[in-house]
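Visitor: Build me a structure from this.
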Amino acid sequence: MAAANKVIAVDLGTSTLKVAEFGISRGGALTLLRFGVAELGLDPNKEEERAKFITPTLSKLFKEQGIKGREVYLSISGQSVFMRFVKLPPVDPAQVEQVVKFEAQQNVPFPIDEVTWDYQMMPARTAGSSEAEAVIVAIKKEVIEAEVEAVERVGVKIKQVDVAPFALLNAFRYSELQTNECSLIIDIGARSTNLVFVEKNSFWIRNVPIAGNQISQSICNEMQEPFTAAETLKKGKGFVSLGGVYADPDDADAARISKLIRSTLTRLHVDINRSIAFYRTTLNGAPPKRVYLTGGSSQLPYLDLFIADKLSLPIAYFNPLRNVTLSPNLQSTELVQNSCYTAELVGLALRATGSSPAEVILDAPSLAARADKRRKQPYYFGALAAWVVLIACICLYYYQQTNVAEAMAKNLRDNTQSLQTLAPKIGILAKQQEDLQKTLKSVVDLGVERDAWAQTLAALNDKIPEGVWITSLVPAANPPTGGNTNSHSGPPGSMDFPTGQVDALVISGLYHAYSRTEVVDPARLREFVNALADLPNFDIDKNNITATLTSLTTSEADPNSFAQKFTMHLKLKVPIRLVPEVSK
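Guide: Numbers count the residues shown, from 1 in each chain. This next block holds a predicted model:
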């Protein structure tokens, strides 16, 4: 059956790099189309140069295998990550993430903002238990970012980053018949060994820092050879010494190397036994009934016999390709020899099918930013569509308004043409209206000027106090200060009033000041002036009474006089015209 989709998987081991291209049928079955493995050739003591070896090795593998694609699933070594299984108190499901984050902050040996981490909830190990358990996986951001950048320099984009032990577990669930018995997978790599306990729906993982590189390093130290030469000797002459009654080989170097390998693996066996004991006693797990070997270093001759003898358990090599269809183009002999490298690749391909029991995602900062951008893209496109609709609505609105404005302008032009014939008549009527307005103003002004004298005299009569008489009231034009009034005794004329208007009144009078009768105090005259100042007819400064009350006599100067004299200059606020102005 032709594959409906293709997925590219890349497994970054410590010393080897593996790639594969799978076809995924519509039913989720896997078909291995292309596969390649290559040594990185990196000295483990120069780990800081790792990125320089990844990019060219991966590029060469892609070219040799003819693998082309834009996105890849990536697996990184379990030795690079921190993994911790933690028990959680009974909490509401909505609070689980918050509790796990707290546990991560407590257990991860780095500041939480310096790592990328994820978690997966675990099923209860004992029936009826209310305790929840989660596995927390974390990696320093700088470590994962370096791996991601080295891979993406080839010209691909990473879709997801998985961890090798989880990918191995997913491949095991897919390939082996699942039972209720506990199985132990021993994945022996270059720098570390992953121990994966699989029981029913649960699992437990431990990373042991003993593997192929420790064997090579012991050969290097013992035989005083460079690490690369020791690695060559291990692969060329190395095997696991069976000890006891078994005779040593004739090759002295092979005999020495086999004993060094056995010594290192004995230390690994101690850690395996310690892990089994912890799993059984602390986690209440069942004892393993079967052991599966995998990983690059599991190819050492007689390793299965050694592990079987030490653990007293049946041993089998894990076949990750048991349920994977192989492309006819693959060389079966080479594939069988390298099947130990395919487990993580199969597990990565299963992530694309959506049927993986173990799922954690470690996002490098660049991947997280890219994923965030992808999540926001629908909103960006939605906003863009909204802007397009808005602009279209605005354009439609202005188009309609333009049509309305043009229709109105046409009506106005038509009305203007009809009104232009009435313009001469309107001009004549406007001139007539202007003349009428001038005539009306003249009539109103005449009325105001006619009443001006009456209002002024009435104001004086209203405010004049008891005991005061006005004997003379003379109109004046701009009366000067100091007593010269420029008054006129006869009818006013143009010579006496050059401006043709009265600006002030000169008042002379008497006030009662005889001691034998009621006396009018001079202060009453000042009150009279203040009272006139409050009227709108006169312009009087209350702070300068003498400017208005220009002169008066008192009883002290002439005690026998029945009345005393006074003179006032009252400036008018509104001058009174002598000859009304009539508009022509």
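Visitor: quick one: average pLDDT of stretch 82-92?
Guide: Average pLDDT, stretch 82-92: 87.
Visitor: Going by neighbour count, list what's buried in it.
Guide: Under the neighbour-count criterion of 16 or more other C-beta atoms under 10 Å, stretch 82-92 has Phe82, Met83, Arg84, Val86, Leu88 buried. Where C-beta positions appear, they are placed from N, C-alpha and C, glycine not excepted.
Visitor: Pull the most distant pair out of these.
Guide: By the measure C-beta to C-beta, Phe82 and Leu88 form the most distant pair in those, at 18.1 Å.
Visitor: ok, the helix or strand where Val198 lies: who's next to it in the sheet?
Guide: Using DSSP states H and E, Val198 falls within strand 193-199. If you go by DSSP bridges, strand 193-199 pairs up with strand 182-188 (antiparallel), strand 202-208 (antiparallel).
Visitor: winner for burial among those?
Guide: Of the strands paired with strand 193-199, the one with the most neighbours on average (mean count of other C-beta atoms under 10 Å) is strand 182-188, at a mean of 24.
Visitor: can you list contacts of it?
Guide: Strand 182-188 is contacted from outside by 164-165, 168-169, 172, 176, 193-199, 211-212, 268, 272, 276, 285-298, 303, 307, 313, 318, 343, using C-beta atoms under 8 Å, 6 or more residues apart in numbering.
Visitor: Confidence-wise, which of the strands paired with strand 193-199 is weakest overall?
Guide: strand 202-208 (a mean of 92).
Visitor: Please compute how far that strand lies from its chain's middle.
Guide: The chain centroid and the centroid of strand 202-208 are separated by 39 Å under C-alpha atoms, centre = their mean, to the nearest Å.
Visitor: Asp541 reaches Leu532, doesn't it?
Guide: No: counting by C-beta atoms under 8 Å, Asp541 stays clear of Leu532, with 11.7 Å between them.
Visitor: partners of whatever helix or strand Ser75 lives in, with directions?
Guide: Element membership for Ser75, per DSSP H and E: strand 71-76. If you go by DSSP bridges, strand 71-76 pairs up with strand 5-12 (parallel), strand 157-163 (parallel).
Visitor: Compare the ones you listed and give me the one nearest Thr421.
Guide: Proximity to Thr421 (C-beta to C-beta) singles out strand 157-163 among the strands paired with strand 71-76, at 79.1 Å.
Visitor: Tell me the buried residues in that closest one?
Guide: Neighbour counts over strand 157-163 (16+ other C-beta under 10 Å) mark Ile158, Lys159, Gln160, Val161, Asp162, Val163 as buried.
Visitor: With Asn5 as the reference, measure out to the fifth one.
Guide: Using C-beta to C-beta, to the nearest Å, we find Asp162 at a distance of 18 Å from Asn5.
Visitor: same question, the first one
Guide: When C-beta to C-beta is the yardstick, Ile158 and Asn5 sit 17 Å from each other.
Visitor: Could you point out the longest strand of this protein?
Guide: The strand that spans the most residues within the chain, counting by DSSP state E, is strand 563-577.
Visitor: Check which helices and strands it is in contact with.
Guide: Secondary-structure packing of strand 563-577 (3 or more C-beta pairs under 8 Å, 6 or more residues apart in numbering; DSSP states H and E): helix 423-463, strand 468-476, strand 501-512, helix 522-533, strand 549-552.
Visitor: tell me the angle of it relative to helix 423-463?
Guide: Using axes from the mean of the first three to the mean of the last three C-alpha atoms, to 10 degrees, the inter-axis angle of strand 563-577 relative to helix 423-463 is 180 degrees.
Visitor: orientation of strand 563-577 relative to strand 501-512 in degrees?
Guide: 160 degrees.
Visitor: And strand 563-577, what's buried?
Guide: So, applying 16+ other C-beta under 10 Å, buried residues of strand 563-577: 563-572, 575-577.
Visitor: Would you agree Ile391 falls within a helix?
Guide: Yes: the assignment for Ile391 by DSSP: H, G, I helix; E, B strand; the rest coil puts it in a helix.
Visitor: pretty sure Glu21 contacts Val10?
Guide: No: Glu21 sits out of contact with Val10 when judged by C-beta under 8 Å, with a separation of 10.3 Å.
Visitor: any idea which of the helices and strands packed on strand 563-577 scores lowest on pLDDT?
Guide: helix 423-463 (a mean of 81).
Visitor: Does Thr554 belong to a helix, a strand or coil?
Guide: coil.
Visitor: show me what contacts it?
Guide: Ala513, Pro522, Gln564.
Visitor: Phi and psi next, for it.
Guide: Here is the backbone geometry of Thr554 (degrees, to the nearest 10): phi -130, psi 170.
Visitor: cool, the one 4 residues further on as well?
Guide: Main-chain torsions, Asp558, degrees, to the nearest 10: phi -140, psi 80.
Visitor: count of residues packed around it?
Guide: By other C-beta atoms under 10 Å, the residues close to Asp558 number 13.
Visitor: Ala171 too?
Guide: If you count neighbours by other C-beta under 10 Å, Ala171 ends up with 30.
Visitor: Could you measure from it over to Gly28?
Guide: Ala171 sits 14 Å away from Gly28, going by C-beta to C-beta.
Visitor: same thing with Arg84?
Guide: Where Gly28 is concerned, Arg84 sits at a distance of 32 Å (C-beta to C-beta).
Visitor: do Asn560 as well
Guide: Noted for Asn560: a distance of 141 Å to Gly28, by C-beta to C-beta.
Visitor: who's more crowded, those two?
Guide: Between Asn560 and Gly28, Gly28 has the larger neighbour count (other C-beta under 10 Å), namely 13 against 7.
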